[in-house]
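> Give me coordinates for this.
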Amino acid sequence: MKKGFMDFLKKIAFFINRVFLFIAAVTLVLMMLIGFSNVLLRTVWHPLEGTYELIGFFGALTTALALGFAQLRKNHIAVDIITTHYSKRWQKISHGISYLVTSIFFAIVARQTTVWGTIVWQSGERSETLGLIYFPFIYVVAVGFAFLAFILLLDFIQLFLKKKSVEETL
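Below is the predicted model:
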């Protein structure tokens, strides 16, 4: 794979990541405002209906859209007690296998989440309290998983092209 194409893919990943982080930040602020409003209104009048639903939906969005960012920065927990004793070559191979397997896994998760979202959409299912159509939230979560799979695939490719990770080249 040519260096120019890899740089292009990394720039796309960086741009998408910034958009996702902005949306995740907005949903996080909305969760805080809803929670605060609910507590305040509970003490002086009547609590907000559907608070649990909205915070659950926004929490799913916040988490799913931040997955790619965490992978770019290598913020996920890594247990490398055994692999630290490997040679550099075997460490690279084990990291490569890990990136490839987890990329495939999250691509499958994204696909299955999309299938579930389509089932919810076609059935017309709505949330219990507020009656919200919630398949769009499911689709956004699927996109978050797909983006994580994309970042993991970039890490896999990058591992064998250079010694730098995707984050280091951005």
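> can you give me the helices for this structure?
In the chain, the helices defined using DSSP state H lie at 3-44, 51-72, 88-123, 135-161, 166-169.
> Turn those into TSV, columns for distance to D80 and mean pLDDT.
C-beta: built from backbone N, CA, C; applies to glycine. Below are the helices of the chain laid out as TSV (distance: least, Cβ to Cβ, whole Å; pLDDT from 0 to 100):
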stretch	distance to D80	mean pLDDT
helix 3-44	24	92
helix 51-72	16	95
helix 88-123	8	95
helix 135-161	15	95
helix 166-169	17	50
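> Which one of the ones you listed lies nearest to T129?
Closest to T129 of the helices of the chain, according to Cβ to Cβ: helix 51-72, at 5.3 Å.
> list the helices and strands that closest one packs on?
Contacts defined by 3 or more Cβ pairs under 8 Å, 6 or more residues apart in numbering; DSSP states H and E place helix 51-72 against helix 3-44, helix 135-161.
> since we're on G144, how many residues are nearby?
G144 has 26 neighbours, counted by other Cβ atoms under 10 Å.
> for Q158, same thing?
The number of residues near Q158, taken as other Cβ under 10 Å, comes to 21.
> With only the CA atoms kept, save stretch 54-63 in CSV.
What follows is stretch 54-63, C-alpha atoms only, in CSV (Å, rounded to 0.1, in the frame of the first residue of the first chain):
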residue,chain,number,x,y,z
LEU,A,54,-32.6,9.5,27.3
ILE,A,55,-29.5,9.0,29.5
GLY,A,56,-29.3,5.4,28.3
PHE,A,57,-29.5,6.4,24.6
PHE,A,58,-27.1,9.3,25.0
GLY,A,59,-24.7,7.1,27.0
ALA,A,60,-24.6,4.5,24.2
LEU,A,61,-23.8,7.3,21.7
THR,A,62,-21.1,8.8,23.9
THR,A,63,-19.4,5.5,24.4
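> hmm, who's touching it?
Under the contact criterion Cβ atoms under 8 Å, 6 or more residues apart in numbering, stretch 54-63 has outside partners 23-24, 27-28, 30-31, 34-35, 127, 130, 132, 134, 137, 140-141, 144.
> tell me which residues in that stretch are buried?
Across stretch 54-63, burial judged by 16 or more other Cβ atoms under 10 Å covers 54-55, 57-58, 60-62.
> Same check on stretch 38-53?
Quick answer for stretch 38-53 (16+ other Cβ under 10 Å): 38, 50-51, 53.
> Show me which of those is closest to A107.
E53 (28.8 Å).
> Let's see if you can find the most crowded of the contacts of stretch 54-63.
When neighbours are counted by other Cβ under 10 Å, G144 leads the contacts of stretch 54-63 with 26 neighbours.
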